[in-house]
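J.: pasting a predicted model and its sequence here:
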Amino acid sequence: MAGLKGKSGPPGNMNAFKHGLAAIQKRREESITTEHEEGVTQQILDGLIADKGGDEQISTATKDSSRGYSE
């Protein structure tokens with residue numbers, strides 16, 4: 001007898017889940033962003049700039065630091 005039908009073995013495909021997380025972790029370590037992540041980041045940044053009163057109210061240094069540039 002090999003166990004109960006439909007109840008033997010690991011629940012779901014745990015290997016695929018771990019592999020998916022490894023791909024996400026690798027992208028983050030290498031600072032690779034997806035188009036979706038870039039779009040969300042841009043939407044957040046646009047909202048923050050609007051809250052401050054628009055582009056003309058924000059210094060160049062602040063704009064550069066918000067986009068990840070540093071000296």
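T.: Thanks, I have the structure now.
J.: quick one: end-to-end distance for stretch 40-60.
T.: 22 Å (CA to CA, to the nearest Å).
J.: so for it, what gets flagged as buried?
T.: I49 (16 or more other CB atoms under 10 Å). Heads up, the C-betas are built off the backbone N, CA and C, glycines and all.
J.: what does stretch 27-39 give?
T.: Buried residues in stretch 27-39 (16+ other CB under 10 Å): none.
J.: so what would you say the end-to-end distance of it is?
T.: 16 Å.
J.: so what touches that stretch?
T.: T41 (CB atoms under 8 Å, 6 or more residues apart in numbering).
J.: need the helices for the protein, in chain order.
T.: 14-29, 35-51, 60-66 (DSSP state H).
J.: now tabulate those helices in TSV and tack on mean pLDDT.
T.: Output for the helices of the chain, formatted as TSV (pLDDT from 0 to 100):
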stretch	mean pLDDT
helix 14-29	74
helix 35-51	90
helix 60-66	70
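J.: mind checking pLDDT for E71?
T.: With respect to pLDDT, E71 scores 51.
J.: what does G68 give?
T.: G68 is given a pLDDT of 62.
J.: where's L21 relative to I44, distance?
T.: Separation of L21 from I44 (CB to CB, to the nearest Å): 24 Å.
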